[in-house]
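> Only the shape, not the letters, is given here:
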């Protein structure tokens with residue numbers, strides 16, 4: 001059964017830090033590039049960071065130098081360390097494979113975790 005469980009979101013002031021965590025099903029985690037996606041109202045969900053099985057990383061330009069994605073194989077988890085947060089980083093964050101998982105012709109998403117950056 002597919003499992004994607006995100007946690008770690010919350011409210012933080014600009015310049016602050018948060019650490020997001022996602023626990024995935026073992027078979028998915030061990031065979032897939034994993035990523036963190038962000039969705040804000042009125043916009044499509046976008047990939048902000050990804051990490052391959054071999055730990056090669058990619059970041060969208062807006063978060064490069066401030067976010068760090070990593071894999072924890074012992075816990076089947078994907079971490080996103082976010083630093084120097086900006087108001088524009090606010091949104092709902094989801095982890096998933098890259099590209100996202102498809103099951104029964106539908107994209108599979110977890111519940112996500114909300115990040116609010118505000119003073």
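Structure received. For clarity, every value in this text was computed on a predicted model and none was experimentally measured.

> where does the spatially most central residue of the chain land on pLDDT?
The C-alpha lying nearest the average C-alpha coordinate of the chain belongs to residue 36 (Cα atoms, centre = their mean; 2.3 Å). What the model reports for residue 36 is a pLDDT of 98.

> Over to residue 1?
Residue-level pLDDT assigned to residue 1 equals 73.

> ok, it touching residue 26?
No - applying Cβ atoms under 8 Å, one finds residue 1 not in contact with residue 26, separated by 11.2 Å. (Glycine included, C-beta is placed from N, CA and C.)

> These two: who's more crowded?
The residue with more neighbours, out of residue 1 and residue 26 and counting by other Cβ atoms under 10 Å, is residue 26; that gives 12 against 5.

> who touches that one in this structure?
residue 76 (Cβ atoms under 8 Å, 6 or more residues apart in numbering).

> Worst mean pLDDT across the helices and strands of this protein, which element?
Least confident helix or strand of the chain, by mean pLDDT, DSSP states H and E, is strand 102-103 with a mean of 88.
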